[in-house]
Each structure stands twice: as C-alpha cells, then as structure tokens.
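> give me the fold of what follows.
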Amino acid sequence: MIYILLFILGTIFYSFSYCVSYRIIHHLNFVSDHSRCEYCDHILNWYDLIPIISYICLKGNCRYCDHPILRNHLYIEILGGFITLILYIKYNLLCFIIYEIVGMILFICAYIDYKELVIYDVFQYILMVLGIIKCIVFYNNMKWIVIYILIICVPLLLLALLKKQSIGMGDIYLYASLCLILNNQIILCFIISIYSSLIVCLYLLLTKRLSLSDPIPFIPFIYIGYLVCLMI
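Residues are numbered from 1 along each chain as shown. Model prediction:
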C-alpha cells in the first residue's frame, strides 16, 4: 500500500514541477494563476488535473476544446511516480527527501534550459543549501568534496574562459552543488552527462537537425546523469 501511495505522490510532485517550469517559461504566477488548456486557454478544474487518471478519462483530449493533450504530461507523471518509488526503496528517509527535492528542482531547471537555455539563480541557491545541509547531517568528508569540485568544475571553468559559449557558468555552479549532494557519485553523474550529451549531439548532427554553431541545453543531460547514478 505504501508503494502505491508513494507512486501517486511522485506523479503529483512531478506534475507540479512541470507546472512550475511551464509557468516560469510563460511568465505566469505559479501561485495565483489557474491552470489552463494550452490551446483554448480555458481554466481547468481540479478534476482535469489528476495525474494520469485525468489523461486516461479524457482519452488524451482537452475536456473543453477536444484538442489532443501532449503526451509529455503523461510521461512526466509516470516517470515521477517511478523515480519517487525507487528513491524511497533505495535510500533512508532523509536522503530520500533530499534526493527527491533535488530531482524536482533539476527537472524544472532541465525543462527551462531546454526551452530557454537559461537557469535561474534561485534554483542554484536552493540546491547549494540542500547540499550544505546534507554535508552537515551526514558529516561528509569535505576534503573529498573539494577534490571533486577541483576535478570537475575547474576544467569546465577553464573551458568556459578559453572558449566562449562552450559551457555556461550556470552548468558549472550546478555541478558544484551536486558535488555537495552526491559526493563520490558525482563522478559517475559527470561521465553519464558528458557521454549522453555527446551521443545525442552526434545523432542530431548526423541527421542534420543540429549545426555546430547551435547552442545545446546541457542541464537535461546533467539531470539524466543525476537520475542514473542514484538508480544504479
């Protein structure tokens, strides 16, 4: 029963995360503004927003204009349910809470970066605070965390200084925060994010969907690395 509840909570958490990222991108107030259909702009009722269930009951179409709803909503909610469930099973309660919150923030950052190629400072601050809290609570060895930051962030910083637009400073700050949160797992996160970005970029170049001068949103790949290193 607890696993079903956690899956449901995960769908709600990630549905909320998508809502926050969507409203930030469209400059909407995510506290006071109502959820609306992306096509007819009709205000949605609470029963239109139940994760997974509403999509199935509405057969994937808006209740008011009958326009197909993007399946991204459904996929994100299902993904969020499984992520939450796996994190709860694998880690103790405090780690689960921290990793879940970090995952939601990274998802928001990844979606915004994908759409706008930007990361907002407020999310960087939250991640940094969470990393410091985790270090204090678990008495993490700061010597190794400093080493991880030097290994990962300093070369990226040099790359950013030597070649403009090669990597954003926001990505480097994000890695620094993740060093505090993931500790030794940050190495695997870094490797996965780099290689997954190279594979995707190579595919897009070969299929001529991307040119060498096009900017690449990198936070989605950091998010992939974060998830994979926590799951294995």
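
> from here on, contacts and neighbour counts on C-alpha atoms
Will do.

> and this protein, what are its domains?
The record assigns the chain these domain ranges, following automatic domain parsing: 1-90, 98-232.

> can you list those domains in a markdown table and add mean neighbour count?
A markdown table is the format used below for these (neighbours: other Cα atoms under 10 Å):
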| stretch | mean neighbour count |
| --- | --- |
| domain 1-90 | 16 |
| domain 98-232 | 17 |
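
> adding mean pLDDT, write those out as a markdown table.
As requested, these are exported to a markdown table (pLDDT from 0 to 100):
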| stretch | mean pLDDT |
| --- | --- |
| domain 1-90 | 89 |
| domain 98-232 | 91 |
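
> check contacts around the residue nearest the centre of the chain.
Closest residue to the average C-alpha location of the chain: residue 107 at 1.6 Å, with Cα atoms, centre = their mean. Contacts for residue 107 (Cα atoms under 8 Å, 6 or more residues apart in numbering) come out as 17, 18, 220, 223.

> test my guess that the third one contacts residue 112.
No. Proximity of residue 220 to residue 112 does not meet the contact threshold set by Cα atoms under 8 Å, at 9.3 Å.

> go ahead and confirm residue 77 touches residue 52.
Yes. In this structure residue 77 lies within contact range of residue 52 using Cα under 8 Å: 6.7 Å.

> can you work out which residues contact both of those two?
residue 11.

> my read is residue 225 is in a strand, agree?
No. Counting by DSSP: H, G, I helix; E, B strand; the rest coil, residue 225 falls outside a strand, being helix.

> hey, where'd the strands end up in this protein?
Taking DSSP state E as the criterion, the chain contains no strands.

> how about the helices in it?
Using DSSP state H, the helices of the chain run over 2-25, 53-57, 71-90, 93-116, 121-137, 142-162, 169-182, 186-206, 219-231.

> let me know the angle separating the fourth one from helix 169-182.
Our comparison of helix 93-116 with helix 169-182, counting by axes from the mean of the first three to the mean of the last three Cα atoms, to 10 degrees, yields an angle of 170 degrees.
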